[in-house]
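*Asks:* sequence-free structure coming up:
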């Protein structure tokens, strides 16, 4: 007798994004359609995108996800890394669930891929880190609308050095069938002018692939981001800034803003 399906249920549906499937699909499609088509270019191997409520960060996230719409059917696996906001721990948390659920359906977890990293330093199965965490979930509807069917390698990153994250990504890198996504917002709760200055400096550091310039004040996802930037430098990848704004530019007041950015690596 087979084991019962264990699914990671949505934690932020109806808060960060619409819980109704039709409304959610229409919202994401509208955000993606608003992105100006890019000239022909090499497909991205990795994306960096934000994870806030869709009225705030959705337009910035869409600037990254619009780049992979032509790759539906070619990308069959997404390695998705985000910071842990709720559960403190050391290392990188995998999961034992068989699927991540969104209002648009279930995304199967690629446990064969997780098995390949199980013995690496810092890697541990820690379902409690996945349950309440929004940094991965916020990306699922964008990925589902842009790509259709794919398998997910969900990794919540705690207090982990760049080398640990880079080693995990190296093991999971794969070929054109695999996309890497790092989830991160930028500065938090500064006034508009201060945030704009801080986030511009962070953008320059990311464009230099300089993981040493990034800390929690620059990006909440600084640890998964640092690992990606280290590996990108080692592999000779090029990075392109697609968008960089804050909540004062999209849907919020300007006295306390959160910064967002989107990048692609090729």
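*Replies:* Arrived safely. All of these numbers come straight from a predicted model, not from anything done at the bench.

*Asks:* can we go C-alpha only for contacts and neighbour counts from here?
*Replies:* Fine.

*Asks:* Write down the beta-bridge partners of the nearest residue to residue 176 once chain neighbours are set aside, one by one.
*Replies:* Excluding the flanking residues, the one nearest residue 176 by Cα to Cα, 6 or more residues apart in numbering is residue 75, at 6.6 Å. Assessed by DSSP bridges, residue 75 has beta-bridge partners residue 72.

*Asks:* give the contact list for residue 75.
*Replies:* Residue 75 is in contact with 147, 150, 176-179, counting by Cα atoms under 8 Å, 6 or more residues apart in numbering.

*Asks:* Low-confidence bits of the stretch 1-150 of the chain, can you list those?
*Replies:* For the stretch 1-150 of the chain, residues meeting the criterion pLDDT under 70 lie at 1-5, 40.

*Asks:* All the helices of it, residue numbers only.
*Replies:* Secondary structure of the stretch 1-150 of the chain (DSSP state H, counting those that start in this stretch): helices located at 21-33, 54-65, 111-117, 127-130, 134-137, 140-147.

*Asks:* Of all the ones you listed, which one is nearest residue 196?
*Replies:* The closest approach between residue 196 and any of the helices of the stretch 1-150 of the chain, judged by Cα to Cα, belongs to helix 54-65 at 14.9 Å.

*Asks:* just to revisit the earlier point, what is the nearest of the contacts of residue 75 to residue 79?
*Replies:* Looking across those and measuring by Cα to Cα, the closest to residue 79 is residue 179, at 6.2 Å.

*Asks:* just checking, next helix/strand downstream of whichever strand or helix holds the closest one?
*Replies:* Here residue 179, judged by DSSP states H and E, is contained in strand 178-183. Once the chain leaves strand 178-183, the next helix or strand it forms, by DSSP H and E, is strand 188-190.

*Asks:* Spell out which strands sit alongside that following strand in the sheet and which way each one runs.
*Replies:* Applying DSSP bridges, one finds strand 188-190 paired with strand 257-265 (antiparallel).

*Asks:* give me every residue that touches residue 250.
*Replies:* Contacts here follow Cα under 8 Å, 6+ apart; on that basis residue 250 touches 55-57, 59.

*Asks:* hey, where'd the helices end up in the stretch 151-266 of the chain?
*Replies:* In the stretch 151-266 of the chain, the helices defined using DSSP H, counting those that start in this stretch lie at 162-172, 192-207, 222-235, 247-250.

*Asks:* Quick check: the one residue sitting closest to the centre of the chain vs residue 73, distance?
*Replies:* Geometric centre of the chain, nearest residue: residue 183, 2.7 Å, by Cα atoms, centre = their mean. Distance, residue 183 to residue 73, using Cα to Cα, to the nearest Å: 23 Å.
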